[in-house]
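Asks: A structural model of the following input is requested.
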Amino acid sequence: MSDDDKRLAAEAAMAEVCDGMLVGLGTGSTVAFAIAALIRARRRIETVATSEDSAAKARRGGLTVRDFANVSRVDLTIDGADEIDPHLRAIKGAGGALLREKIVAAASDRMIVIADGSKRVAALGVAKLPVEVLPFARTFASMRLAALGATVERRGGPTDNGNIILDAHFGAIADPAALALAIAEVPGVLGHGLFLDEVDAAYIAEKGVVTRLERGRASG
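Replies: Next comes the predicted model:
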């Protein structure tokens, strides 16, 4: 992976940001480049953040960060991905903010992913799938995920929500929609990192070249 490519993808995504927007900020190393690009652009926007880390970065750069608890709609969300397939289905959550990221994505009129070329996959499942779990249900949820075919590891440290992350490695996922439903039905699971319908477009940079993928359209 290349920081230069991450930066290029983030800068390309700035074409989607207009004055007056409420912009959702994802979490992770690639999103940090997007926050820096937004700060440099000096557009008249407000933001909501999916993690305390992203909120702090945005505030330090002078961006207005609103409390999402008082927000029902977001114009545009910019986020990263752990991997993304040709159908713009993604696995997210390596940064531990998957539950907040999914909520903000659901509130957004449009969600775009920025990534370097290493995140493109033919089929989901190369990356571990993060699952946010109520601490009370840790052992039970681990057992249920294992029964679904995963190798499960507990990630250290609580999320910003005070919960825990179980990283479930399924290998190649033949039916992401069926797996998403099965995981969501496990009592104690609060969210998972399968983003199957949320992503509208992706800006992916590889070796200095940015490709835009749009849901329902050819790349450009």
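
Asks: could you use CA atoms for every contact and neighbour count after this?
Replies: Noted.

Asks: and the longest strand seen in the chain, average pLDDT?
Replies: Taking DSSP state E as the criterion, the chain has its longest strand at strand 108-116. Taken as a whole, strand 108-116 carries a mean pLDDT of 98.

Asks: what residues sit buried inside the following helix or strand past it?
Replies: Following strand 108-116 in sequence order, the next helix or strand is strand 129-133 (DSSP states H and E). Applying a neighbour-count criterion of 16 or more other CA atoms under 10 Å, one finds 129-133 buried in strand 129-133.

Asks: same question for stretch 105-124.
Replies: Buried, per 16+ other CA under 10 Å, within stretch 105-124: 105-108, 110-117, 119-121, 123-124.

Asks: and stretch 147-167, by the same measure?
Replies: Going by neighbour count (16+ other CA under 10 Å), the buried part of stretch 147-167 is 150-152, 159, 163-167.

Asks: what is the burial count for residue 46?
Replies: Each residue near residue 46 was counted by other CA atoms under 10 Å, and the total is 16.

Asks: residue ranges with poor pLDDT in this protein?
Replies: Scanning the chain with the threshold set as pLDDT under 70 gives 1, 217-220.

Asks: domain parsing for the protein?
Replies: Following automatic domain parsing, the chain resolves into domains at 3-120+196-214, 129-193.

Asks: point out the most buried one among the ones you listed.
Replies: Stretch with highest mean neighbour count among these: domain 3-120+196-214 (a mean of 20; mean count of other CA atoms under 10 Å).

Asks: can you redo the buried residues of strand 129-133 as TSV with distance to residue 84?
Replies: Formatted as TSV, the buried residues of strand 129-133 follow (distance: CA to CA, whole Å):
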residue	distance to residue 84
129	12
130	15
131	17
132	20
133	23
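
Asks: so for this protein, the centremost residue is which one?
Replies: Residue closest to the average C-alpha location in the chain (CA atoms, centre = their mean): residue 92, at 4.5 Å.

Asks: how much space separates that residue from residue 129?
Replies: Distance, residue 92 to residue 129, using CA to CA, to the nearest Å: 8 Å.

Asks: cool, and residue 189?
Replies: Relative to residue 129, residue 189 is positioned 13 Å away (CA to CA).

Asks: and what of residue 215?
Replies: From residue 215 over to residue 129 (counting by CA to CA), the distance is 22 Å.

Asks: I'd like the next helix or strand past the host helix or strand of residue 30.
Replies: Secondary structure from DSSP H and E places residue 30 in helix 29-41. Sequence-wise, the next helix or strand downstream of helix 29-41 (DSSP H and E) is strand 46-49.

Asks: which elements pack onto that following strand?
Replies: On a contact count with 3 or more CA pairs under 8 Å, 6 or more residues apart in numbering; DSSP states H and E, strand 46-49 meets strand 22-25, strand 64-65.

Asks: out of those strands, nearest to residue 195?
Replies: strand 22-25 (15.8 Å; CA to CA).

Asks: partners of the closest one, with directions?
Replies: Using DSSP bridges, strand 22-25 pairs in its sheet with strand 46-49 (parallel), strand 74-79 (parallel).
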